[in-house]
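*Asks:* fold the following, please.
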Amino acid sequence: MQVFTTRDLEPFEQEVARHLASLDNEGYVLIGFSFYNYGPVAINGLLISDDGVVCGLEIAEQVGTWTGSLNNAWQANGREIKCTIANNPLQQVRQYALIVRDLLRSKMNRYVPVSGLIVVPTEADISVAGVAIDRCDRSNPIGVVHLPRLSSIIDEIRAAFTQPYEVGKAERLLYALTDLNEDALYEGSTRLANAVIKVRKDIQGQVSENKGLTDQILSELISLRETIARIEAENRRLNDRLAEEMIAFKTEAQEWQKNFTSQIASDFVDFQGELKEQNDYLIKQLSAGLAAFKNEMGEKNNQLDGSVRTLTNDLRGEVGVLIARVDRQTEELRQIKAFMTRPKWWQRLFRWLFAPLLVKKPTKKIKPTP
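*Replies:* Predicted structure coming up:
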């Protein structure tokens, strides 16, 4: 496609222009042209394909999250998106389509379908309900498209709106819309070509600078690769040496384990013999000690039995003496009682005199103290 412009383009407009110019389709793209609708109206962009499909373009460079509604203003990351002839980009691109359609009908006396696209960067997240995103058809000819999807959406528009092919139809539409001759169009195309050449030179300078950095990075990568190769060779050498050391250590460990096992078995046999001798000696000592202790305990038991028998005999003698004494005292008391119970006249006198004293008086009961 051939791209024509009447002004210097913004960075994102330049990116869109390069994308459209790279398409294989025949046609024209007008950026920054004014069209008459009760006065001159500047339209951001207009695409005319070789098969007569016309599409108005609103090139919006805002990134981030887009919010809003179909009839009110839109915001990108909370900041309002300014429009010149409508409340939001969707209404504005719809106005583009109406202006171009009415102008073609008045100039060519025929109906030409016109669609509209809002071209946005890849980083734009459209969160507006009711808006067609990355698609366009007869049922919804106005929508939003991300730049990487622009070429495929243009193909969908052409498939939906293409009429019977007419040779030179794109040129007639272009002349009818712009009232320009070929010289004017060539001048606009040359201006864009110069801008593209300047951008290309800038890119080539950047590429040369990048080439120097690339060569430096490549040299460092080669040096790094050689270093890595040396490190790998050293690692292999160390691994081989480590394997040899491990084999030698394993052999020594097995020999040491065998010697250690033999030594432990020999020491265990010696220890078992010594332990048996000590056990026999301790058993003999314990047997002798128990015999001596038994004899000593027998002698002490005999002594204790003699002492007990002597003490028992002494106690028996003392108890016999006590019993004889008690018997004598009992006999004396019996005699005194018998003597006292005889009916003598003086006993009766004695009883008569001391009778009041012998009568027991009733004792008062003492209440127990709580």
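*Asks:* ramachandran angles for E15?
*Replies:* In terms of degrees, to the nearest 10, the main-chain angles of E15 are phi -60, psi -40.
*Asks:* repeat for the one 10 residues further on
*Replies:* The phi and psi torsions at N25 (degrees, to the nearest 10) take the values phi -70, psi 150.
*Asks:* show me what contacts it?
*Replies:* Contacts for N25 (Cβ atoms under 8 Å, 6 or more residues apart in numbering) come out as M1, S49, D50, I154, R158. All C-beta spots, glycine's among them, are computed from the backbone N, C-alpha and C.
*Asks:* try it again at 6 Å.
*Replies:* M1, S49 (Cβ atoms under 6 Å, 6 or more residues apart in numbering).
*Asks:* for stretch 66-86, which residues meet the burial criterion?
*Replies:* Residues W66, T67, G68, A73, W74, Q75, A76, I81, C83 are the ones in stretch 66-86 that count as buried (16 or more other Cβ atoms under 10 Å).
*Asks:* next one: stretch 38-50
*Replies:* For stretch 38-50, by 16+ other Cβ under 10 Å, it's V41, I43, N44, G45, L46, L47, I48, S49, D50.
*Asks:* for S127, state which of those residues is nearest.
*Replies:* N44 (22.5 Å; Cβ to Cβ).
*Asks:* wait, isn't that closest one in contact with E58?
*Replies:* Yes - the pair N44 / E58 is scored as a contact, 5.1 Å apart, by Cβ atoms under 6 Å.
*Asks:* neighbours of the nearest residue to G52 once chain neighbours are set aside, how many?
*Replies:* The shortest distance from G52 to any non-neighbouring residue, by Cβ to Cβ, 6 or more residues apart in numbering, is to K169 (4.4 Å). By other Cβ atoms under 10 Å, the residues close to K169 number 18.
*Asks:* and the lengthiest helix in the chain, what does it pack onto?
*Replies:* Under DSSP state H, the helix in the chain containing the largest number of residues is helix 182-340. Helix 182-340 is packed against strand 2-5, with contacts defined by 3 or more Cβ pairs under 6 Å, 6 or more residues apart in numbering; DSSP states H and E.
*Asks:* filter the buried residues of stretch 38-50 down to just the ones in strands.
*Replies:* V41, I43, N44, G45, L46, L47, I48, S49 (DSSP state E).
*Asks:* which other residues reach stretch 123-137?
*Replies:* Stretch 123-137 is contacted from outside by 63, 65-68, 70, 115, 140, 143-145, 149, 153, 156-157, 160, using Cβ under 6 Å, 6+ apart.
*Asks:* which among the residues you listed gets closest to L322?
*Replies:* T65 (126.8 Å).
*Asks:* helix, strand, or coil at the closest one?
*Replies:* strand (DSSP: H, G, I helix; E, B strand; the rest coil).
*Asks:* repeat that for L23.
*Replies:* Per three-state DSSP, L23 ends up coil.
*Asks:* surely it is in contact with V16?
*Replies:* No - applying Cβ under 6 Å, one finds L23 not in contact with V16, separated by 11.5 Å.
*Asks:* those two: which is more packed in?
*Replies:* V16 (24 against 16).
*Asks:* rewinding a little: pull the distance from the longest helix of the chain to the chain's centre.
*Replies:* 38 Å (Cα atoms, centre = their mean, to the nearest Å).
*Asks:* how about stretch 130-139?
*Replies:* Per Cα atoms, centre = their mean, the centroid offset for stretch 130-139 relative to its chain is 40 Å.
*Asks:* for that stretch, what is the average pLDDT?
*Replies:* Averaging pLDDT along stretch 130-139 gives 85.
*Asks:* that stretch: end-to-end distance?
*Replies:* 13 Å (Cα to Cα, to the nearest Å).
*Asks:* all strands of the stretch 1-150 of the chain, in order?
*Replies:* Under the criterion DSSP state E, counting those that start in this stretch, strands of the stretch 1-150 of the chain are mapped to 2-5, 27-36, 40-49, 54-59, 64-67, 75-76, 79-80, 114-120, 124-126, 132-133, 142-146.
*Asks:* which regions of the stretch 251-370 of the chain lie under the pLDDT threshold?
*Replies:* For the stretch 251-370 of the chain, the stretches with pLDDT under 70 are 339-348, 350-351, 355-370.
*Asks:* try 80
*Replies:* Across the stretch 251-370 of the chain, the ranges flagged by pLDDT under 80 are 267, 335-370.
*Asks:* output the buried residues of stretch 66-86 as TSV; include the columns pLDDT and distance to L177.
*Replies:* Compiled in TSV, those are given as follows (pLDDT from 0 to 100; distance: Cβ to Cβ, whole Å):
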residue	pLDDT	distance to L177
W66	95	30
T67	94	34
G68	92	30
A73	93	29
W74	94	28
Q75	94	33
A76	93	30
I81	93	26
C83	91	22
